[in-house]
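Student: fold the following.
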Amino acid sequence: MKVHVTDLKPGDRLLADTFNELGLHVLQKGTELNDVGIKKLMQHGVDYADIEPAVYQPEITMIHTQQHELLHKTKPLLEQAVDGFESMYLEALATGRFNETVVDDIMEPLVDQLKEHKDIVSLMLCIDQNDDYTYNHSMQVGILSYYIASWLGFSKEEAYEAGRAGYLHDIGKCQIPGSLLNKPGKLTPEEFEEMKRHTIYGHDIIRASTIDSIPALVALQHHERDDGSGYPHAIDKKEIHPFSRITAVADVFSAMSMNRVYQSKQELLTVMRELHSMSFGKLSANATQAFIRHMLPNFIGKHVILSTGETGTIVMTNPADFFRPLVKTEDRFVDLSSEANIGIEQIFL
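Tutor: Here you go, the predicted structure:
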């Protein structure tokens with residue numbers, strides 16, 4: 001059967017050699033098409049192809065169903081993590097310390113569940129952002145710190161510790177006046193100096209709450225930068241704990257991809273591009289690249305809204321520009337690496 005190239009699907013098989021209008025041979029008979037092959041036909045101006053349609057694969061539907069069920073199963077644990085951080089935050093605000101057993105009561109079942117997740121982008125997209133920013137952000141940073149440590153080859157126990165430290169990294173914000181935390185405009189230099197002290201407050205609160213020194217160090221150092229431009233002590237990467245460097249990556253990703261009083265959330269691939277840029281001197285290159293390498297494949301199959309108003313699906317990560325993928329809309333393919341005037345406004349499940 002002859003179909004227009006915009007209707008081709010991965011798995012379709014060509015029934016005849018395919019040529020462009022100049023007679024140049026593009027793909028041979030029998031080729032099973034994938035996203036690259038479909039794009040190649042489009043690039044050569046081929047309008048129609050004679051194909052045997054892909055056989056319907058019920059396992060794809062099964063995978064989607066399993067993914068949905070897994071996300072549904074995980075959501076109560078995410079909500080518990082947000083609520084648990086709120087209780088520790090308020091306790092630390094009132095007493096200067098928190099009950100450390102609460103941390104493991106929350107993190108252990110959550111990490112056990114996270115081990116089942118392969119698609120971390122879907123996990124991030126399913127998180128309800130209506131909760132208080134600081135509580136939700138801390139939960140996200142804990143999750144992402146755990147994954148990044150795992151992807152870097154740390155042991156299960158070490159990855160758990162990294163996630164635990166990431167979860168606690170912002171506990172010091174309880175000592176920052178709410179007028180600063182919720183200020184919609186830019187902070188004055190004096191206000192910013194006070195805001196930076198949340199790292200020191202966090203270190204002191206954690207040291208008062210547990211004998212484990214690593215989470216306290218991560219709270220202190222998660223705004224330090226490899227080139228020495230961070231705070232509170234402007235140390236460089238040789239002095240920054242590996243878990244602090246991991247949490248820094250998770251912290252930046254989560255902060256940029258969430259709504260805050262002074263900043264609207266950014267589209268996830270835009271955030272990934274910014275992280276990539278920061279990996280050249282600011283953030284740990286190894287941690288950032290591991291994060292990007294494991295996250296990017298999860299964007300394939302996600303639905304998007306383009307700046308043109310069109311809706312579509314990401315079908316391929318573009319090797320020419322990882323953060324500008326190939327998108328299939330209802331009636332065309334949009335190669336964002338070459339369509340500079342078109343962007344992704346939103347990514348969703």
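
Student: C-alpha from now on. contacts and neighbour counts both.
Tutor: Fine.

Student: burial check on Asn99, number of neighbours?
Tutor: As a burial measure, Asn99 scores 13 neighbours (other CA atoms under 10 Å).

Student: hmm, I typed the wrong one, I wanted Gly37.
Tutor: Neighbours of Gly37 (other CA under 10 Å): 16.

Student: skip the chain neighbours and tell me the closest residue to it.
Tutor: Distance criterion CA to CA, 6 or more residues apart in numbering; nearest residue to Gly37, sequence neighbours excluded, is Leu27 at 8.0 Å.

Student: show me what contacts the spatially most central residue of the chain?
Tutor: Residue closest to the average C-alpha location in the chain (CA atoms, centre = their mean): Val121, at 5.7 Å. The contact partners of Val121, taken as CA atoms under 8 Å, 6 or more residues apart in numbering, are Met295, Asn298, Phe299.

Student: how about a cut-off of 6 Å?
Tutor: By CA atoms under 6 Å, 6 or more residues apart in numbering, Val121 lies in contact with Asn298.

Student: three-state assignment of it?
Tutor: Of the three states, Val121 takes helix under DSSP: H, G, I helix; E, B strand; the rest coil.

Student: how near is it to Gly301?
Tutor: Going from Val121 to Gly301 by CA to CA, to the nearest Å gives 11 Å.

Student: quick one: mean pLDDT over stretch 181-201.
Tutor: Stretch 181-201 comes out with an average pLDDT of 95.

Student: need the contact partners of that stretch.
Tutor: Stretch 181-201 is contacted from outside by Gly172, Lys173, Ala219, Leu220, Val261, Tyr262, using CA under 6 Å, 6+ apart.

Student: can you do 8 Å?
Tutor: Residues outside stretch 181-201 that contact it (CA under 8 Å, 6+ apart) are 169-176, 180, 219-223, 231-232, 261-262.

Student: which of those residues are buried?
Tutor: Listed as buried from the contacts of stretch 181-201 are 169-176, 180, 219-223, 231-232; burial here means 16 or more other CA atoms under 10 Å.

Student: and of the residues you listed, the nearest to Gln129?
Tutor: Within those, the smallest distance to Gln129 is 17.3 Å, found for Asp170 (CA to CA).

Student: all helices of the stretch 51-200 of the chain, in order?
Tutor: Secondary structure of the stretch 51-200 of the chain (DSSP state H, counting those that start in this stretch): helices at 58-95, 101-114, 120-125, 133-151, 156-168, 178-181, 189-196, 198-209.

Student: now the second one against helix 133-151, angle please.
Tutor: Same thing as helix 101-114. Angle of helix 101-114 versus helix 133-151, following axes from the mean of the first three to the mean of the last three CA atoms, to 10 degrees, is 60 degrees.

Student: flag every buried residue along helix 101-114.
Tutor: Those would be Val103, Ile106, Met107, Leu110, Val111, Leu114, for helix 101-114 by 16+ other CA under 10 Å.

Student: report the mean per-residue pLDDT for that helix.
Tutor: 97.

Student: per-domain residue ranges of this protein.
Tutor: 2-52, 70-297, 300-348 (automatic domain parsing).

Student: weakest of these in terms of mean pLDDT?
Tutor: domain 2-52 (a mean of 85).

Student: from start to finish, how long is that domain in a straight line?
Tutor: 9 Å.

Student: just to revisit the earlier point, quick one: the residue nearest to the centre of the chain and Phe348, what's the gap?
Tutor: On the measure of CA to CA, Val121 and Phe348 end up 9 Å apart.

Student: quick one on the thing from earlier: so which of the buried ones among the contacts of stretch 181-201 belong to strands?
Tutor: Among the buried ones among the contacts of stretch 181-201, no member is found in strands (DSSP state E).

Student: I am finished for the moment; much appreciated.
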